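J.: Pasting the sequence and the predicted coordinates here, then a few questions.
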Amino acid sequence: MDFKEEIVELLAQETKLKREELMNLISVPPNSTMGDYAFPCFKLGKNPKEEGEKLKSKLILPNAFSKVEVAGAYLNFYLNHHYLAEQTLKTIYRERKYYGKEDLGKGKRIVIDFSSPNIAKPFGIGHLRSTVIGNCLYKLHIFLGYKAIGVNHLGDWGTQFGKLIVAYTKWGNETELQQDPIKYLLKLYVRFHDEAERDASLNDLARDEFKKLEDGQKEALRLWELFRELSLAEFKKIYRLLDVEFDSYTGEAFYSNVLGKTIEEVSSRVSTEVSDGALIVNLEKYNMAPVLLRKSNGTTSYHTRDLAAIFYRIQKYKANKLIYVVGQEQKLHFQQLFKVMELMKYDSEMFKHVDFGLFKFPEGKMSTRKGNVIFLEEVLDKAIELVRKLIEEKNPDLKNKEEVARQVGVGAIIFADLSNDRIRDINFDWDRMLSFEGETGPYLQYTHARACSILRKAESERKIGSSEKVNYDHFQLEEELKVIRQLDKFNHVLKDVLKTYKPHTLARYLLDLAQAFNEFYHQCPVLSDQMQATKARLLLVDCVRQVLANGLDLMGIKAPEEM
Ligand code: ARG
């Protein structure tokens, strides 16, 4: 049920304004004494107050509203509290984990390219951001009725593999490789660059090796496969910890056989040039560097592989939209890519780069800087370790301590990421992030656990909360109504995130819900001798618990029942 839409409908009939315009004009007043929704009348004529009065006299209010008043230039709509409470709480109680779900995306197929780390390199913090943001968008699309396909476009092809093969053949051995594959490969990679500074011929060797790989030479392929498999096994450990899944791991290498065809396809539809022996799409007209289709030595580029992936995704998945959750530093790459697609007469609305800023660590605080990278696994381990200590301190008798420590530690990191506008850089602050108070994941999880504990207590006292026989007129206090209004907004917020690809709106919403709930909980005794009040408030607690759980789940955060 959508109150705002009801007002839009009402006003669309009585004014000349379009629905879309009305939708944008109607706002939620800062203070509920001014009503639940406000419509500014200045669009109606020179004297807004008079116009407001005129309009008001024509309106026949739907059941959801108790009154409408003119205040200054505004028309203020007041919700019927009984109706609001009954509709909202009954719906949540009935729909449970499906509350907020919709069929909005019916028939639409969205490919979300996220995480996409590079083989033989550490899973970086940038990849964590992509994983977490991408996973949230993936889950949200599914929840709102889209067919979403999550693709991990592994960086498993490119000249760096030439370098690795050279380094490994010259200085490496399999025993050390097996022990700690990614760190070992990183060491070889760093050494390659060191030595190549003194001996540039190494770079030529590396190019040759990559060429061999693209030509399908056996030994090169064997080494590449070994590096890939060992790295992927390590990445999967992280995905298990984060509880993230993909529909496909088709990375860059997957396209190596179709790159010739891809280049032909592009060349047949946009004009290409040969420049210094390389085949390019010149984008000078659009103020962009050229797209390199084929390098002078015949090997392909990151661009070519991404173009191949686009054709594949459109064909294989019948995708209506392709979303890329990748850091800001690749902005140009995607602009170039999308420009080529546009020149090939694809609808540019089909493509979206969901970019994000950096995760910044306080200098020196992470002891794991090796080769100038932070190992994500160590970040996660540290978060879990800190939560373990907190639990020992605060609730040593907790059941499933280890499981909860993991859920809260990982949740803290995910939330620290998703609660910030993705465009901004985030300063990593351990203390702030793990606090059970303030704007953190653990605070939300704790609020959820508190609601669960109230319900458990009620059950043990045989005060069962359900939507049966609740007197909805009970809800009169502002603390209660605030919670109910917030619960009602859940679905709007989800749609907003879908439109902007900005999960922090959902994070903000959940924080506000938790805040409203905690105020309610401090002001209004839930379990009392008054049957009516107890029944009504227990239902409210149950609904808050449910919506917190639904919201956290969409963010990829677990909601333990006790902590
Ligand atoms: N592997 C790349 C990197 O780590 C990210 C890939 C993003 N996806 C894509 N289709 N280009 O920088």
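T.: Good, I have the coordinates.

J.: Residue of this structure closest to the ligand, please.
T.: Of all residues in the chain, the one sitting closest to the ligand is Gly155 (3.2 Å; C-beta to the nearest ligand atom). Glycine gets a C-beta too; all of them are placed from N, C-alpha and C.

J.: Contacts only, for the residue nearest to that residue when sequence neighbours are not counted.
T.: Excluding the flanking residues, the one nearest Gly155 by C-beta to C-beta, 6 or more residues apart in numbering is Asn118, at 3.4 Å. Asn118 is in contact with 154-156, 160, counting by C-beta atoms under 8 Å, 6 or more residues apart in numbering.

J.: still on that earlier bit, can you get me a residue count around the residue of the chain closest to the ligand?
T.: 20 (other C-beta atoms under 10 Å).

J.: can you check the one 5 residues further on too?
T.: By the other C-beta under 10 Å criterion, the neighbourhood of Gln160 contains 18 residues.

J.: same thing with Glu378?
T.: Glu378 has 14 nearby residues by other C-beta under 10 Å.

J.: Work out for me the element it sits within.
T.: In the assignment (DSSP states H and E), Glu378 maps to helix 376-394.

J.: Please say whether there is contact between that helix and the ligand.
T.: No - Helix 376-394 does not reach the ligand (C-beta under 6 Å from any ligand atom); its nearest approach is 12.9 Å.

J.: Give the buried residues for the helix or strand following that helix.
T.: Scanning forward in sequence from helix 376-394 by DSSP H and E, the next helix or strand is helix 401-418. Neighbour counts using 16 or more other C-beta atoms under 10 Å place 401, 404-418 of helix 401-418 among the buried residues.

J.: same question, stretch 337-348
T.: 337-341, 343-344, 346.

J.: How about stretch 281-293?
T.: The neighbour-count check on stretch 281-293 (16+ other C-beta under 10 Å) flags 281, 283, 290-293 as buried.

J.: Repeat that for stretch 514-533.
T.: In stretch 514-533, counting by 16+ other C-beta under 10 Å, buried: 514-518, 520-521, 524, 526, 533.

J.: got it, and stretch 271-283?
T.: 272, 278-281, 283.

J.: CA atoms only: put it into PDB for me.
T.: C-alpha atoms of stretch 271-283 as PDB (Å, rounded to 0.1, in the frame of the first residue of the first chain):
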ATOM      1  CA  SER A 271      35.200   2.400 -38.000                       C
ATOM      2  CA  THR A 272      38.600   1.300 -36.700                       C
ATOM      3  CA  GLU A 273      42.100   2.500 -37.400                       C
ATOM      4  CA  VAL A 274      45.600   1.000 -37.400                       C
ATOM      5  CA  SER A 275      47.800   3.100 -35.200                       C
ATOM      6  CA  ASP A 276      51.400   2.100 -34.600                       C
ATOM      7  CA  GLY A 277      50.600  -1.400 -35.700                       C
ATOM      8  CA  ALA A 278      47.700  -1.700 -33.200                       C
ATOM      9  CA  LEU A 279      44.000  -1.800 -34.100                       C
ATOM     10  CA  ILE A 280      42.000   0.800 -32.300                       C
ATOM     11  CA  VAL A 281      38.600   2.600 -32.200                       C
ATOM     12  CA  ASN A 282      39.400   6.200 -32.300                       C
ATOM     13  CA  LEU A 283      37.400   8.100 -29.700                       C
END
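
J.: where along this protein do the strands fall?
T.: 37-40, 65-71, 74-79, 109-113, 147-151, 273-275, 278-281, 291-294, 321-325, 351-354, 359-360, 426-427 (DSSP state E).

J.: which stretch in those has the least confidence?
T.: Of all the strands of the chain, the minimum mean pLDDT falls on strand 359-360 (a mean of 80).

J.: Up against the ligand, what does the stretch 201-350 of the chain have?
T.: 306, 309, 324, 326.

J.: Now for the spatially closest residue to the first one that is not a sequence neighbour: which residues touch it?
T.: What that stands for is Asp306. Spatial nearest neighbour of Asp306, excluding adjacent residues (C-beta to C-beta, 6+ apart): Leu337 at 5.5 Å. Taking C-beta under 8 Å, 6+ apart, we find Leu337 in contact with 291, 303, 306-307, 310, 351.

J.: ok, now Ala196?
T.: So Ala196 contacts 163, 202-203, 206 (C-beta under 8 Å, 6+ apart).

J.: Now flag whichever of those is closest to Ala64.
T.: Lys163 (64.9 Å; C-beta to C-beta).

J.: returning to that earlier point: which residues belonging to the helix holding Glu378 are considered buried?
T.: 376-377, 379-380, 382-384, 386-388, 390-391.

J.: Same question for stretch 203-218.
T.: 203, 205-207, 209-214.

J.: Any stretches of the stretch 301-450 of the chain with poor pLDDT?
T.: 362-374 (pLDDT under 70).

J.: re earlier: in a markdown table, list the buried residues of stretch 337-348 along with distance to Leu554.
T.: What follows is those, written out as a markdown table (distance: C-beta to C-beta, whole Å):
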| residue | distance to Leu554 |
| --- | --- |
| Leu337 | 29 |
| Phe338 | 28 |
| Lys339 | 33 |
| Val340 | 34 |
| Met341 | 30 |
| Leu343 | 37 |
| Met344 | 35 |
| Tyr346 | 30 |
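
J.: Which of those residues fall within helices?
T.: 337-341, 343 (DSSP state H).

J.: What average pLDDT does stretch 131-141 get?
T.: 98.

J.: Just the CA trace of it, in CSV.
T.: Provided in CSV are the C-alpha atoms of stretch 131-141 (Å, rounded to 0.1, in the frame of the first residue of the first chain):
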residue,chain,number,x,y,z
THR,A,131,31.7,-7.7,-3.7
VAL,A,132,29.6,-6.1,-0.9
ILE,A,133,27.9,-3.5,-3.0
GLY,A,134,27.4,-5.9,-5.9
ASN,A,135,25.9,-8.6,-3.7
CYS,A,136,23.5,-6.1,-2.2
LEU,A,137,22.3,-5.0,-5.6
TYR,A,138,22.1,-8.6,-6.8
LYS,A,139,19.9,-9.6,-3.9
LEU,A,140,17.8,-6.5,-4.1
HIS,A,141,17.1,-7.1,-7.8
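
J.: That one near the ligand at all?
T.: No - figure legend: stretch 131-141 not in contact with the ligand (C-beta under 6 Å from any ligand atom); closest approach 10.0 Å.

J.: Ok, stretch 115-129 next?
T.: Yes - shown here: stretch 115-129 in contact with the ligand (C-beta under 6 Å from any ligand atom) through 116-118.

J.: one step back: show me which of the buried residues of helix 401-418 is closest to Gly357.
T.: Using C-beta to C-beta, the buried residues of helix 401-418 come closest to Gly357 at Asp417, 10.5 Å.

J.: Pull up the gap between the nearest residue to that closest one once chain neighbours are set aside and Ser267, please.
T.: Closest residue to Asp417 apart from its sequence neighbours, by C-beta to C-beta, 6+ apart: Val132 at 4.8 Å. To Ser267, Val132 is 38 Å away according to C-beta to C-beta, to the nearest Å.

J.: Ok, Glu234 next?
T.: 39 Å.

J.: who's more crowded, the two?
T.: Per other C-beta under 10 Å, whichever of Glu234 and Ser267 has more neighbours is Glu234, with 17 against 14.

J.: ok, now which ones touch the more buried one?
T.: 123, 181-182, 377.
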